[in-house]
Each structure stands twice: as C-alpha cells, then as structure tokens.
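Novice: Provide a 3D model corresponding to the input given below.
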Amino acid sequence: MRIFNFSNLEPVPWKNGGGVTREIAAFRENGNIIWRLSIADVASDGAFSSFVGLTRVLTVIQGKGIVLCTENRNSEAVLGMPVTFDGGRATQAKLIDGPIRDLNVMFNPRKCHAEVIHVNEPSHLVLLANETRRIAVLGLRGETRTDRNCNLYFGDTLLMETDSIELDLPDTASVLIVTIDMHD
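Specialist: Predicted coordinates:
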C-alpha cells in the first residue's frame, strides 16, 4: 500500500502544453502506458491531448464541470460523476463555469479495465486488491479514516496492489474509488 499526498505531487505540462497534470501512479510496459492515474488542472477551453489506444475516465474533483466535445457527441462531466471516452479521439473541452481539477484515469483496454465510482454517503468499506486488481482511493471531501492510521484528505490517494484496507466515511467525507482489473 502506498499513500500519495496531493501536496507532494509535482505539476508537469500536459502533452499538448495546454495545462498541467500531477501523476499519482502508473504502470508502463516498454514505455507504453498500461494504466495511469493523475490529477489535472484545466483553466481554459481547448483541445485534449491525444492518447491513441487508451481509454480515459475523467472525474471532476473541483469546480463546476466541463463539457467534452467530439465529432459526434458531447458529454458533460460534473463533480464526482465519471465520464469515459476514447483517449485517441479528437476532444475539445469547454468549461462550464470556471476552472476545474479532475482525476484522469487512462488505461489500455487490451491489457486492463478501469472503473471509477463516487462514494458520498456515510459508509464502512472493506477493499481488497490482489495480483490482478489494483485499487486506488482518492479523498474528495472531509476526512476518510482508514484502519492503517493514514487518513485521506482532498487529493490524497491510497494505492493498493496486494492488500486490504477498511475505510470509514463519516457524513462529511466522500471519495473516488478506482478499480483496475488486469486481463490474463
């Protein structure tokens, strides 16, 4: 189990130079992304970087939201609601009402599958990762308590590769849970 504190994540320029991202964790083979978790700051409308062969799941974690526009479809991403799209398709972003920050999950669908769920009600959860399932928990609001004395706050991420953890979310907390299932 690893903890990534938001305040320690280094901002780096986007592939297309239009903003910054903070990589949380990634798994690569021969330099190619198999899966990657990052937090991006989107301050203006514009084109998304192209990641041919990857699927993306974007979840707004701060701000009003963003509309993702492709040639034949517009998808609105608002706080805590994941939107999945083809990372290689030309995508324009239009902010709804000011800058946003988002969790960006990218994955190679030939190698794995990833999902993001938003938990925003009081809960006690037991999460189990194993050889084929990675689990990440990103703090959104309030304090999420764990049975390992490592509490999560906004932007902090816990990544499990072969471990289990218990989470307690009081009514003032919410998290995003990312599961990454590797294909055989």
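
Novice: Could you pull up the residues touching G98?
Specialist: G98 sits next to G63, K64 when contact means CB atoms under 8 Å, 6 or more residues apart in numbering. The way it works is simple: take the backbone N, C-alpha and C, and place the C-beta from them, glycine included.

Novice: tell me the phi and psi of it?
Specialist: phi 100, psi 180 (degrees, to the nearest 10).

Novice: what separates it from K64, distance-wise?
Specialist: 6 Å (CB to CB, to the nearest Å).

Novice: again with Q92
Specialist: 17 Å.

Novice: for I177, same thing?
Specialist: From I177 to K64 the distance is 23 Å (CB to CB).

Novice: so who does E29 touch?
Specialist: Neighbours of E29 in contact, by CB under 8 Å, 6+ apart: K111.

Novice: Tell me the confidence at it?
Specialist: With respect to pLDDT, E29 scores 96.

Novice: what's it sitting at in phi/psi?
Specialist: Torsion angles, degrees, to the nearest 10, at E29: phi -120, psi 130.

Novice: All further residue positions should be reported with the first residue as 766.
Specialist: Will do, 766 is the new start, and the previous item becomes E794.

Novice: Wait, a strand at R899?
Specialist: Yes: under DSSP: H, G, I helix; E, B strand; the rest coil, R899 falls within a strand.

Novice: Quick one: residues contacting it.
Specialist: Here R899 is in contact with F792, W800, L924, M925, E926, T944, I945, M947 (CB under 8 Å, 6+ apart).

Novice: redo that, cut-off 6 Å
Specialist: E926, I945 (CB atoms under 6 Å, 6 or more residues apart in numbering).

Novice: Tell me, domain by domain, which residues of the protein belong where.
Specialist: 774-873, 878-947 (automatic domain parsing).
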